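Visitor: got a predicted structure here, sequence first:
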Amino acid sequence: MSDLEIQDINLDRSLSGYDYELPTELIAQNPAVPRDSSRLLVVNSPNAGREMLALNHIFRDLPELLQPGDLLVMNNTKVMPARLYGRKSTGAKVEVLLLEERQHNCWLALVKPGKHFKVGTQIVFDGNKLSVNTGLTATVLETDAATGGRLLQFDLPEHISLVQVLEDFGEIPLPPYITASTAADEQYQTVYAQEQGAIAAPTAGLHFTPELLQKLSDRSINQAFVTLHVGVGTFRPVEVDDVTTHQMHEEWIEVSAATVEQIRATQAAGGRIIAVGTTVVRALEGAAQFGDLQPYVGKVNLFIYPGFQWRVVEGLITNFHLPRSSLLMLVSALIGRKRLLKIYQQAIASQYRFYSFGDAMLILPDGVMSMN
C-alpha cells in the first residue's frame, strides 16, 4: 500500500476529511415548486472524472434513469409538530423540541435555554389556534446525559396522548440553517408520509409527487416502505476527530415482513434496491447488520462510514449534506470520500441547491465503486 493510499484511509477516518466550503446562497430556503422540478445530479460511473455527472437532469426524469424491475424503498415517517413555545412560572420564555416519547406523555426534549431547566421546573404552553383557550403544562423530571435534553411529563388526562393535541400547541420544526423560509408545513412532508414520529423530514423523498410515483409504477419501478423516525442523531454534528469512535443516537425503525419479501423478490428477479434517502439506508442496513435482512421493529444506532460492508442497498437517492456530518460519511461509504467531495465541488460550481429543501443526487448501482 502506497503512502498516498495510507493517507487517504487516514482521512476517511478523520473528521477533517469531510470538510468543504459552501456559499451561503446555495443553502435552499424554500423547496422547488413543483416538487419534482428540482435538479438531479446523476452518478453513473465508478470513475473520478466529469463523465459521472449528468448536470442537465431534473428529478422528474427519474423513471427513465431507473430500470423496470427496480425497487425504490421509501421512508413513510411523518414529521410531528414537535417545536413548542411556552413560559416558565417566572414568565421567562422557553422553547422545546420533542424528540421521543419514553413513557405515556413523558417525552425526551431539547430545551432552550437549557441551563435554566432544573428538575421540578413547570412550563406552560399556550395553544396556537384561536379555538384552543386552555394551556398545556409540563414538568421537568430529569436531565438526559446522552442528549443534554430533559424528560418532560405533560399534564394530560390518562386517556389523551400528547400526540393527539400537538397540532394545537406545536409547529413543524425546520432545520436551523433554514432561516428565511415561506414554505407551508405540508411542503416539509413527503407525499407518502403516514407514520407520525419524526422531528425532521426524510428529505430525499420531498422531490416525489403523486404523478411521478404513478409514472414510476407504470414503468414497473416498484415501491416499498420502511419507517425510521428521524431523531436528533441525524442532524447532530460529529464531534470526535476519529470518526470511527462516533456514537450515533438510537432511532426507531420498522422494516416489515412485506417489505423484506418485496426486496427478496426484487433481488431474485435481478432488480436493484434503490434507497430513497439515508434514513432508508440506515433502516435496511440496520435490520440486516447481523446477517440476512429480516423484519425488524425497534431501535438501531448504526453508523455508516467508509469501509462499511453493504448487505442490502445498491443505489441511493439523496440530497446534499452538511460538512462533517454522519450523512456525508454514509454517502462516502457508498462511492468514496474523495470522489464524493469532487462531486460536491462540481455541484457547487454548477449552482446546485443544498440541504433539506435543495436538489438531489442519484447514485446508480453502476456508480458505486464496490459493494463489499
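Guide: Alright, I've got the coordinates. Numbering: from 1, shown residues only.
Visitor: distance between the host helix or strand of G286 and the chain's centre?
Guide: Per DSSP states H and E, G286 falls inside helix 278-287. Distance, stretch centre to chain centre, for helix 278-287: 11 Å (CA atoms, centre = their mean, to the nearest Å).
Visitor: what's the first helix or strand after it?
Guide: Next helix or strand after helix 278-287 toward the C-terminus (DSSP H and E): strand 296-300.
Visitor: which elements pack onto that following strand?
Guide: For strand 296-300, the elements it packs on are strand 251-255, helix 278-287, judged by 3 or more CB pairs under 8 Å, 6 or more residues apart in numbering; DSSP states H and E. All C-beta spots, glycine's among them, are computed from the backbone N, C-alpha and C.
Visitor: if we use 10 Å, what do you get?
Guide: On a contact count with 3 or more CB pairs under 10 Å, 6 or more residues apart in numbering; DSSP states H and E, strand 296-300 meets strand 222-228, strand 251-255, helix 278-287.
Visitor: tell me which of those is the most buried.
Guide: Of all the helices and strands packed on strand 296-300, helix 278-287 has the most neighbours on average by mean count of other CB atoms under 10 Å, namely a mean of 28.
Visitor: adding mean pLDDT, write the helices and strands packed on strand 296-300 out as CSV.
Guide: Formatted as CSV, the helices and strands packed on strand 296-300 follow (pLDDT from 0 to 100):
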stretch, mean pLDDT
strand 222-228, 98
strand 251-255, 95
helix 278-287, 97
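Visitor: quick one, which of the ones you listed gets closest to G205.
Guide: Checking these against G205 by CB to CB gives helix 278-287 as the closest, at 8.7 Å.
Visitor: the closest one versus strand 251-255: what angle between them?
Guide: With axes from the mean of the first three to the mean of the last three CA atoms, to 10 degrees defining the directions, helix 278-287 sits at 70 degrees from strand 251-255.
Visitor: using CSV, list the CA coordinates for helix 278-287.
Guide: Only the C-alpha atoms of helix 278-287 are listed here, as CSV (Å, rounded to 0.1, in the frame of the first residue of the first chain):
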residue,chain,number,x,y,z
THR,A,278,-30.0,8.0,4.1
THR,A,279,-32.7,7.1,6.6
VAL,A,280,-33.8,4.2,4.5
VAL,A,281,-30.2,3.1,4.2
ARG,A,282,-29.9,3.1,8.0
ALA,A,283,-33.2,1.2,8.4
LEU,A,284,-32.4,-1.5,5.8
GLU,A,285,-28.7,-2.0,6.7
GLY,A,286,-29.6,-1.8,10.4
ALA,A,287,-32.1,-4.6,10.0
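Visitor: now do it against strand 296-300, angle only.
Guide: Here the directions of helix 278-287 and strand 296-300 differ by 110 degrees (the same axes, to 10 degrees).
Visitor: what sits against L99?
Guide: Contacts for L99 (CB atoms under 10 Å, 6 or more residues apart in numbering) come out as 80, 82, 107-110, 144, 147, 149, 199, 229, 231-233, 249.
Visitor: picking that back up, now the helices and strands packed on strand 296-300 as TSV including distance to S14?
Guide: TSV is the format used below for the helices and strands packed on strand 296-300 (distance: least, CB to CB, whole Å):
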stretch	distance to S14
strand 222-228	28
strand 251-255	25
helix 278-287	21
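Visitor: quick one: closest of these to K118.
Guide: Closest to K118 of those, according to CB to CB: strand 251-255, at 28.6 Å.
Visitor: partner strands of the closest one, parallel or antiparallel?
Guide: With DSSP bridges as the test, strand 251-255 is paired with strand 222-228 (antiparallel), strand 296-300 (antiparallel).
Visitor: I appreciate the help and will end here.
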